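J.: predicted model, plus sequence, below.
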Amino acid sequence: MKDALKDQALVNLSVIIVSWNVRDLLDKCLSSLQAASRAIGPGASAEFELEIIVVDSASDDGSPALLRQKYPAVALLAQCDNIGFTRGNNLALAQARGDYLLLLNPDTEVGPGALAQMIDYMTRHPLVGILGPHTLNSDGSHQSTRRRFPTLMTGIFESTWLSAWAPASVERHYRMLDTRDDAVLEVDWVQGSALMMRREVYQAIGGLDEGYIMYAEEMDYCRRAVSAGWRVHYHGGARITHHGGKSSEQAASLTQIHFQTSKLRYFLKHHGYSHYLILRALLLLQFCWQLGLEGVKGALGHRRDLRAQRIRVYWQVLRSGLKATL
């Protein structure tokens, strides 16, 4: 591992945003960044220069025009196609100049002083390679973004039909419900809606794994960083608001396919072929069961439009085969 940055009066922070058709939210995000760059959080002494890079994935809602007119200092990397989260971030990471690199969703607003607090914390803790802030929902409630690495049990129950029957200990362990939301502590991984890393981490392990189309890429990245000797921390005092999922709203079937195949890719990559086969078989069996159950309910005349919609979703998931490769 390369030596971490020493304390210094002024550092450079590159904020990387991959955006697609969220013009108004992007506007709020950039405005909050401008305000945050002028604010120092409680107990923080860091001063920094801010570089903002926005990768626009062929938005047709006027986002590029907004950036050129209202935020001319922002580096705009306009794409001809929707290149996705991982490719977009990697494109910007290759051009970013910052000592610290912040991957930030366009549907977020950074709290006053949050950036200074995070930089100050990482400056004072040189072994911390990745840091995640305390994330809030739009209504100010806590949004769970700190995690332990998943076990096979987590993979079976998370975001599946069986989740309602999961042992309480599975979710409690995975989501770190045994820790306080306002704590500052070591974790296994933090979500990518707001993820700050040292440049040395990027130089050591490279960019995001583009084999993940959507979901699990930040979990994989944190695992690679931990394997390289870095630590991942969560800062409960540095706050951002994440309005949540606005740039990834899409057909339910694609959401399920991307989420489950990303999960399977993670287990194949980090736990081996046997875990992958077991988990894939169980996931496919669950979707088969759901398809049959919805068919029976529809045949009995219970909310047939809803049943037909769900049947289409589950059928498309099953047709995909949920195949993951490396």
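T.: Looks like it arrived, so ask away. Residues are numbered from 1 along each chain as shown.

J.: and the spatially most central residue of the chain, what does it touch?
T.: Closest to where the C-alpha atoms of the chain average out (Cα atoms, centre = their mean) is Gly192, at 2.5 Å. Applying Cβ atoms under 8 Å, 6 or more residues apart in numbering to Gly192 gives the contacts Phe85, Leu103, Asn105, Glu217, Glu218, Tyr221. Every residue, glycine included, has its C-beta placed from N, CA and C.

J.: now the element after whichever strand or helix holds Gln69, going C-ward?
T.: Element membership of Gln69 [criterion: DSSP states H and E] is helix 63-70. Per DSSP H and E, the first helix or strand lying C-terminal to helix 63-70 is strand 75-78.

J.: just checking: what are the partner strands of that next one?
T.: When pairing is defined by DSSP bridges, strand 75-78 lines up against strand 47-56 (parallel).

J.: which parts of the partner strand are buried?
T.: Phe48, Leu50, Glu51, Ile52, Ile53, Val54, Val55, Asp56 (16 or more other Cβ atoms under 10 Å).

J.: so what's the residue count around His142?
T.: Using other Cβ atoms under 10 Å, His142 has 12 neighbouring residues.

J.: hang on, I meant Tyr100
T.: Neighbours of Tyr100 using other Cβ under 10 Å come to 24.

J.: the closest residue to it other than its chain neighbours and Tyr234, how far apart?
T.: Nearest residue to Tyr100, sequence neighbours excluded (Cβ to Cβ, 6 or more residues apart in numbering): Leu13, at 4.9 Å. According to Cβ to Cβ, to the nearest Å, Leu13 stands 19 Å off from Tyr234.

J.: for the longest helix anywhere in the chain, packing partners?
T.: The longest helix of the chain (DSSP state H) is helix 273-299. When contacts are defined as 3 or more Cβ pairs under 8 Å, 6 or more residues apart in numbering; DSSP states H and E, helix 273-299 sits against helix 152-157, helix 252-271, helix 304-320.

J.: filter the contacts of Gly192 to the buried ones?
T.: For the contacts of Gly192, buried by 16+ other Cβ under 10 Å: Phe85, Leu103, Asn105, Glu217, Glu218, Tyr221.

J.: just flag the most distant two among those.
T.: With Cβ to Cβ as the measure, no two of the buried ones among the contacts of Gly192 lie farther apart than Asn105 and Tyr221, at 15.0 Å.

J.: low-confidence ranges in the chain?
T.: 1-9, 39-46, 245-251 (pLDDT under 70).

J.: mind running it again at 90?
T.: 1-10, 36-48, 112, 158-166, 213-214, 244-256, 301-303 (pLDDT under 90).

J.: can you pull the domain assignment for it?
T.: Domains of the chain are assigned by automatic domain parsing as 10-242, 252-320.

J.: closest to Leu326 out of these?
T.: Going by Cβ to Cβ, the one of the domains of the chain nearest Leu326 is domain 252-320, 5.9 Å.

J.: what angle do the helix or strand hosting Ser31 and helix 63-70 make?
T.: Using DSSP H and E, Ser31 sits in helix 23-36. Inter-element angle recorded for helix 23-36 and helix 63-70: 40 degrees (by axes from the mean of the first three to the mean of the last three Cα atoms, to 10 degrees).

J.: and the contacts of helix 23-36?
T.: With contacts defined as Cβ under 8 Å, 6+ apart, helix 23-36 is touched by 15, 17, 19, 50, 52, 54, 59, 61-63, 66-67, 70-71, 74, 104-116, 243, 246-247.

J.: buried stuff in it?
T.: Quick answer for helix 23-36 (16+ other Cβ under 10 Å): Arg23, Leu25, Leu26, Asp27, Lys28, Cys29, Leu30, Ser32, Leu33, Ala36.

J.: repeat for stretch 197-212
T.: Of the residues in stretch 197-212, 197-202, 204-205, 207-209, 211-212 count as buried by neighbour count, 16+ other Cβ under 10 Å.

J.: so how far is it off the chain centroid?
T.: Centroid displacement of stretch 197-212 relative to its chain, using Cα atoms, centre = their mean, to the nearest Å, is 14 Å.
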